[in-house]
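1. The following comprises the amino acid sequence and a computationally predicted model.
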Amino acid sequence: MKHRSTILMAMLPVLACLALLPGARAVSPAPDGCYSNFTTAEGCGALSFLSTGLGNTGLGWYSLFSDTTANYNVGVGAGALVLNNGSSNTAVGAVALLLNTTGSNNTAIGTDTLVFNDSGAANTATGYFALMNNTTGGSNTAIGSEALTVNTTGTNNTAIGNLALQSSVTTSDHVCIGGQAGSGLTTADNNIIIGHHSGVHSVFGQESDRCFIDNIHGAPVSAATAITVMVDSDGRLGTVAMEGPSGSSSPKGIRPQAIPDAAKQAMLNRNVQNLQATIAQQQQQIDILTTQVKENAAQIQKANAKLEMNKPPAKVVVNKP
């Protein structure tokens, strides 16, 4: 009610000024009708059942057909918001928000966007079939053809890019940016995916609370300007500058970094793990070589024994006078 009063207070002074403009001329031909409650309706069945609703605009075949008391809706396109009785929805496109009943504060732009939405609120869908199957999910943003297209009850998802998060039905709290970003996620929640990455073919699979960023691993950087990037407990990425010892200079122009004890320990643990893995691999190679040496020695012994068996008996040579 507070928001309704605020909007009315903003609208009335402007309308009053427009009405008092000198020499105002009517458009020709004149509009089909001037309806009460700041209503605009054009098209077969548009806003047919409106009673006390304020500031609604229905343009298109049966747009906002069932609206009675809801306010500030805009339906443009055949069947847009046809069953709606929620407020502050904007639907532009054929059958956009077609089955919406009580959902409010939704924005749907494109054919079939949010077409099955029922009571879901605060969703934004832009693009062909974006959030098409959403029913009760709220606070989702889908920008791109078929972005979040099968989502039904998932909430707080942001999918930007064609086919982004296209397989997610009930998962929530994702941020996926890029064509097909997160397109393979079906059970995990709270992932950040930036780039053309399905989120399935990684080492994390369907795990939640992960971050994927393409085009970093294996991409070369300038050694002359490279610095260490770290992440803190709040998830912030950044660098921490540290002055080197007096008179010292950094090799290749790399600025020294102040590395926290926890980061040092983590790097040390990683180095130890790598060293242990190297030692284990070398030990395996040594074991294989030892086995081969033993097998060769056994074969040599067998060969010597065979030679001894086949050796002709010794002859005694007697020297005759």
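-> Yep, it's here.

2. hey, let's count contacts and neighbours off CA atoms from now on
-> Will do.

3. What residues does the residue positioned nearest the centre of the chain make contact with?
-> Computing the C-alpha centroid of the chain and ranking residues by CA atoms, centre = their mean puts Cys176 first, at 1.5 Å. Neighbouring residues of Cys176 by CA atoms under 8 Å, 6 or more residues apart in numbering: 158-160, 164-165, 182, 191-195.

4. same thing but at 6 Å, please
-> 159, 182, 192-194 (CA atoms under 6 Å, 6 or more residues apart in numbering).

5. Which of those fall in helices?
-> Among the contacts of Cys176, DSSP state H puts none in helices.

6. Pipe those residues into TSV and attach distance to Ser208 and pLDDT per row.
-> Below are the contacts of Cys176 laid out as TSV (distance: CA to CA, whole Å; pLDDT from 0 to 100):
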residue	distance to Ser208	pLDDT
Ala159	16	96
Gly182	12	89
Ile192	10	92
Ile193	12	91
Ile194	15	92
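
7. Can you tell me which of those are buried?
-> Buried members of the contacts of Cys176, scored by 16 or more other CA atoms under 10 Å, are 159, 182, 192-194.

8. Ala96: which of those is nearest?
-> Ala159 (18.5 Å; CA to CA).

9. Quick one: low-confidence residue ranges for the chain.
-> 1-31, 33, 197-205, 241-264, 311, 314-321 (pLDDT under 70).

10. Strands along that one, start to end?
-> Assignment of strands within the chain using DSSP state E yields the ranges 40-42, 57-59, 74-76, 90-92, 107-109, 124-126, 141-143, 158-160, 175-177, 192-194, 211-213, 230-231, 237-238.

11. Tell me which of the ones you listed lies nearest to Thr68.
-> strand 57-59 (12.4 Å).

12. Nearest to Cys211 among the contacts of Cys176?
-> For these, the nearest to Cys211 is Ile192 (4.6 Å; CA to CA).

13. What residues are bridge-paired with the closest one?
-> Val175, Cys211 (DSSP bridges).

14. Next up, the contacts around it.
-> 174-176, 211.

15. Out of those residues, which end up buried?
-> 174-176.

16. Now do the same contact list for Phe38.
-> Contacts of Phe38 (CA under 6 Å, 6+ apart): Gly55.

17. Let me know the distance separating it from Thr57.
-> 9 Å (CA to CA, to the nearest Å).

18. and what of Ile193?
-> For Ile193, the distance to Thr57 - CA to CA - is 38 Å.

19. Next: Ser208.
-> For Ser208 relative to Thr57 (CA to CA), the value is 42 Å.

20. Of the two, which one has the most company?
-> For Ser208 versus Thr57, neighbours defined as other CA atoms under 10 Å are more numerous around Thr57 (22 against 17).

21. Just send the contacts of Ile192 back as TSV, with distance to Ala298 too.
-> Shown next, in TSV, are these (distance: CA to CA, whole Å):
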residue	distance to Ala298
His174	64
Val175	64
Cys176	63
Cys211	56
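
22. just to revisit the earlier point, please identify which of the buried ones among the contacts of Cys176 is nearest to Met132.
-> Checking the buried ones among the contacts of Cys176 one by one against Met132 (CA to CA), the nearest turns out to be Ala159, at 13.3 Å.

23. so who does that closest one touch?
-> 142, 176.

24. repeat that for 8 Å
-> 141-144, 147-148, 165, 174-177, 181.

25. Distance check, it against Gly120.
-> 17 Å.

26. Please apply the same query to Ala70.
-> From Ala70 to Gly120 the distance is 16 Å (CA to CA).

27. ditto for Val169
-> 14 Å.

28. So for those two, which residue has more residues nearby?
-> Just comparing Val169 and Gly120: by other CA under 10 Å the higher neighbour count belongs to Gly120, 26 against 20.

29. mind checking how far the more buried one is from Met132?
-> Gly120 is 12 Å from Met132, by CA to CA.

30. Over to Leu268?
-> From Leu268 to Met132 the distance is 50 Å (CA to CA).

31. neighbour count winner among these two?
-> Between Leu268 and Met132, counting by other CA under 10 Å, Met132 is the more crowded of the two (27 against 12).

32. for the nearest residue to that one once chain neighbours are set aside, what are its contacts?
-> Nearest residue to Met132 in three dimensions, chain neighbours excluded: Leu114, at 4.4 Å (CA to CA, 6 or more residues apart in numbering). Shown in contact with Leu114 (CA under 8 Å, 6+ apart): 96-98, 108, 125, 129-134.

33. Helices - which of those land there?
-> Short answer: the contacts of Leu114 have none in helices (DSSP H).

34. Closest to Leu83 out of these?
-> Closest to Leu83, out of all of the contacts of Leu114 and judged by CA to CA, is Leu98, at 6.6 Å.

35. how many other residues sit next to the closest one?
-> 26.

36. So what does it have for phi and psi?
-> phi -60, psi -50 (degrees, to the nearest 10).

37. I'd guessed it sits against Asp118; true?
-> No. At 9.1 Å, Leu98 does not count as touching Asp118 under the criterion of CA atoms under 8 Å.
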